[in-house]
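**Student:** Need the 3D shape of this:
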Amino acid sequence: MTIAHSIGSKSINLELVQWSSMDSILFCFTVITTIGYGNVAPKSTEGRLFVIVYGLVGIPFTMLAIANLGKFLAELLKKSTRPFLEYCRLIKWTNKILNFFENLNLIKFKFRRLHPAKKRSKEKEVLVSLKPDFETNEEESEVAPWGEALILFIAFFAYILIGSVVISSYEPEMDFFGSIYFNFVSLTTVGLGDLVPKNETYLLFTLVYCAVGLALTTIAIEIAADYLKKLHYFGRKIDNVGNVNIWFGGKKLTMKQLVKNLGDQFNLPVHEIADLNLDNFVDAAIRVEAGEIATLRTEPALRPVFVDSDSLLFVDEDDYYQVPSKRSFYYDNDKVLADLREFEGFID
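**Tutor:** All right, here's what the predicted structure looks like:
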């Protein structure tokens, strides 16, 4: 429909174009995904008001759905690529195990020739000395985080390339490079709008492709953000750990509150919890998980639990012995002798 409008001596033709179903679907999709190609847009006040309300309601739900889809795809990629990573690690372990037994046999052979009489004891020492290294290799059962990140990034770029091949086959205005460009500006929500899908037959496929691609984009951005965060805090000293907020569903606790309640759960002395340096504790825990130190456990010490007028009680792990007091010694010799025999049996 064309409307002629005259201004002075000039005549201007205003062409009003009716939206097609394809234009409406594409417009709604680009609004709730925040791509916003801009090839079609409302001109009336009512239409613009609808866009505001529609975007306020639709964008949060769409972002939530895309984020959940991204987590699902990440888990799916990890599970699908885990056999390959396990196979690579199995080859690595096999070589280490072969080297382990090869070194073990060589050392056994040397000990047999040098000390035949002490063969068994020497072989036992060798096994004890080599076993920790072998167990350390067994503990490396988890896939390296950088390996998972690399797989996800490769999947993201492969998704763009494969999609470009398919889209360029049915979109008349897009060649292979144009499809790559279209996919990139769409999946990163740049949405310049110079290239838009025109084929109505394959529009549904294009929209589904973009939705899944947006989920992969969220994964890639999240991984990149994690590495940038590590780079930001690299070399910095850990401090103010007690005030770090930890969220459990819709509730949150500070690290200090969590440790305090954990101490109450296990009946730990209040002064020990109060004197705990959380900064040093977290730093040591990180070193344990990184394999720099073995454990935070300390050797149990023999310490008095309580003292009364009759006895002094010591506790060493799960066993204890009650030492009679002097008063019992003078007035109950038979009991003292029985206690001494029991003590000798406990020592043996």
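
**Student:** separation between residue 289 and residue 295?
**Tutor:** Between residue 289 and residue 295 the computed distance is 11 Å (C-beta to C-beta, to the nearest Å). Every residue, glycine included, has its C-beta placed from N, CA and C.

**Student:** how about the strands of the chain, start to end?
**Tutor:** Counting by DSSP state E, the chain has strands at residues 2-7, 10-15, 245-248, 251-254, 303-307, 311-316, 319-324.

**Student:** and the last one, average pLDDT?
**Tutor:** Within the predicted structure, the mean pLDDT of strand 319-324 is 49.

**Student:** One more: the second one?
**Tutor:** Computed over strand 10-15, the mean pLDDT rounds to 48.

**Student:** Dump stretch 261-272 to CSV, keeping only the CA atoms.
**Tutor:** Coordinates of each C-alpha in stretch 261-272 appear next as CSV, following Å, rounded to 0.1, in the frame of the first residue of the first chain:
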residue,chain,number,x,y,z
ASN,A,261,28.8,-24.3,63.3
LEU,A,262,31.0,-27.1,62.0
GLY,A,263,33.0,-26.9,65.2
ASP,A,264,29.8,-27.0,67.3
GLN,A,265,28.7,-30.0,65.4
PHE,A,266,31.8,-32.0,66.4
ASN,A,267,32.1,-30.5,69.9
LEU,A,268,35.4,-28.8,69.3
PRO,A,269,36.7,-26.3,71.9
VAL,A,270,35.4,-22.8,71.3
HIS,A,271,38.8,-21.2,71.8
GLU,A,272,40.3,-23.5,69.1
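
**Student:** Could you list the buried residues of it?
**Tutor:** Judged by neighbour count (16 or more other C-beta atoms under 10 Å), stretch 261-272 contains these buried residues: residue 263.

**Student:** Stretch 155-172 now?
**Tutor:** For stretch 155-172, using 16+ other C-beta under 10 Å, the buried residues are 155, 156, 159, 160, 163, 164, 167, 168, 171.

**Student:** where in the protein is pLDDT low?
**Tutor:** Applying pLDDT under 70 to the chain flags residues 1-17, 85, 88-89, 92-147, 235, 300-348.

**Student:** what domains does the record give for it?
**Tutor:** Following automatic domain parsing, one finds the domains of the chain at 2-79, 241-289, 303-347.

**Student:** returning to what we had before: counting only helices, which of the buried residues of stretch 155-172 make the cut?
**Tutor:** Among the buried residues of stretch 155-172, the residues falling in helices (DSSP state H) are 155, 156, 159, 160, 163, 164, 167, 168.

**Student:** Now flag whichever of these is closest to residue 267.
**Tutor:** Of all those, residue 267 sits closest to residue 155, with 49.6 Å by C-beta to C-beta.

**Student:** for the closest one, what are its contacts?
**Tutor:** Residues in contact with residue 155 (C-beta atoms under 8 Å, 6 or more residues apart in numbering) are 77, 216.

**Student:** Now do it against residue 148, distance only.
**Tutor:** On the measure of C-beta to C-beta, residue 155 and residue 148 end up 11 Å apart.

**Student:** Equivalent analysis for residue 237, please.
**Tutor:** 28 Å.

**Student:** neighbour-wise, which of these two wins?
**Tutor:** Taking neighbours as other C-beta atoms under 10 Å, residue 237 and residue 148 compare with residue 148 leading, 18 against 7.

**Student:** The nearest residue to the more buried one once chain neighbours are set aside - how many residues pack around it?
**Tutor:** Nearest non-adjacent residue to residue 148, counting by C-beta to C-beta, 6 or more residues apart in numbering: residue 78, 6.1 Å away. For residue 78, the neighbour count with other C-beta under 10 Å is 15.

**Student:** My understanding was that residue 78 contacts residue 84; is that so?
**Tutor:** No - between residue 78 and residue 84 there is no contact under C-beta atoms under 8 Å: 11.1 Å.
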